[in-house]
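Trainee: turn this into a model:
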Amino acid sequence: MAASHFSGPVYSANGFVGDLTGSVTLPTGLTVTTLAVTTTSTLTGVATFTAQPILSSLTASRPVFTDGSKGLVSSTVTGTGAVVQAVGPTLTGTAGFQAGTFATTLVVTGVATFTAQPILSSLTASLPVFTDGSKGLISGTQTGTGTSVVVSVSPVITGTPKITNPVNPHTPTVVNATATLTGTQASSGYIKTTSTSAVGLTMPTGTDLGTVLGAVQGTTFDLFFDNTASSGSGEVTVIVNTNAILSAAAAAEAGGSGLLTVPVGATGQAGFRLMFSSATTYTFTRIA
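Mentor: Numbering: from 1, shown residues only. Next comes the predicted model:
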C-alpha cells in the first residue's frame, strides 16, 4: 500500500477497517465491504463493480448522460420501451414529433397518418398535385377557376368550358336482336349491331335513361348506332318509347332528321341527339 494516513484504527487480515487520507493505492484482490468517499476523489485505474452501483446524485428511473464536466446526470425521457440508437433505429408505437427536420431521405414503410395538414415545400401553392415518373409529388398547371376537382365518370362542368378539337371515344354496347334498350345500354352512347335479319331497337323510356344520366331539363345527349357489320336483311329500325319521342323537326322530316332506319354495310351509321325537357322526358332528332 502506497503512502497513506490513517485517522482511525486499522486491522490487517484479508482487509482493513479504518479511515484513509491522502493518496491511496489499494492492492489487487483487496475486498472492501463498505467504502465511503467524503471528498473529491480520482480513480486512475479501471473500476469494476460486481454489484449495481448506487449514485445518490441521480434521479431514479431516468436515462443517464454526461454533463459538460463529464459527470453523470439524469435526463428527462418521453415514451416507453427500449433505448433507440442512431444507426438503423426502429420506432414502435406512436411517435410524436412537435417539430422535426429530416436532413436525409426518409423512407416510410407503413401507413403514415397526418393529423394536421402536411406542408410540402417543393410544391407550388394553390395548384393541383400529381405524381411524376418517379412517383414523387409535383405541382401541375391548371386552367379555369374553382375549388372542385372534376373526375372522369359523369363530370359536371360549370361556367363556359373551352374545348379545342374534342375527341369523344366510345366503347360499343352490342345488341344483336330486337329489344328495348335499357338506360344503361344507351348511356354508353354507342350501340353496335351485327345481324342478317331485321332488328328493331326501342329507345329507353324517358324515366330509365333520365335516371341513369342524372338528367334535368336542358340535358342533351348524343346516341349513335353502328350497323356496318350487318348484312342481308339486317337493317336496324329505331323505335320511339314512353316519354322518348321524335322532336317536332324530326316528326316533320321523315326522310331527314326523322329518319329512323339504319342500313347495313359501310353506310350503316346513324346519330341522334336527345334533348330532355324534364328529368324523365326527352325528344330525339337524327343528326347523322
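
Trainee: for Val73, give me its contacts.
Mentor: 57-58, 64-67 (Cβ atoms under 8 Å, 6 or more residues apart in numbering). Using the backbone N, CA and C atoms, a C-beta is placed for each residue, glycine as well.

Trainee: can you tell me how far it is from Gln142?
Mentor: 57 Å (Cβ to Cβ, to the nearest Å).

Trainee: packing partners of the lengthiest strand in the chain?
Mentor: In the chain, with assignment by DSSP state E, the single longest strand is strand 269-278. Judged by 3 or more Cβ pairs under 8 Å, 6 or more residues apart in numbering; DSSP states H and E, strand 269-278 is in contact with helix 206-213, strand 220-226, strand 281-286.

Trainee: just the buried positions in it, please.
Mentor: For strand 269-278, the neighbour count (16 or more other Cβ atoms under 10 Å) marks 270, 272-276 as buried.

Trainee: okay if I get these as JSON lines plus distance to Phe224 and pLDDT?
Mentor: Below are the buried residues of strand 269-278 laid out as JSON lines (distance: Cβ to Cβ, whole Å; pLDDT from 0 to 100):
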{"residue": "Ala270", "distance to Phe224": "7", "pLDDT": "98"}
{"residue": "Phe272", "distance to Phe224": "8", "pLDDT": "98"}
{"residue": "Arg273", "distance to Phe224": "10", "pLDDT": "98"}
{"residue": "Leu274", "distance to Phe224": "11", "pLDDT": "98"}
{"residue": "Met275", "distance to Phe224": "16", "pLDDT": "98"}
{"residue": "Phe276", "distance to Phe224": "18", "pLDDT": "98"}
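
Trainee: nearest to Leu91 among those residues?
Mentor: Phe276 (58.6 Å; Cβ to Cβ).

Trainee: so what's the closest one up against?
Mentor: Phe276 neighbours (Cβ under 8 Å, 6+ apart): 206, 210, 215-221, 282.

Trainee: likewise Thr261?
Mentor: Taking Cβ under 8 Å, 6+ apart as the test, what Thr261 contacts is 235-238.

Trainee: give me the buried subset of these.
Mentor: 235-236, 238.

Trainee: so which of these belong to strands?
Mentor: 236, 238.

Trainee: which one of the buried ones among the contacts of Thr261 is nearest Val151?
Mentor: Of the buried ones among the contacts of Thr261, the one sitting nearest to Val151 (Cβ to Cβ) turns out to be Val238, at 31.9 Å.
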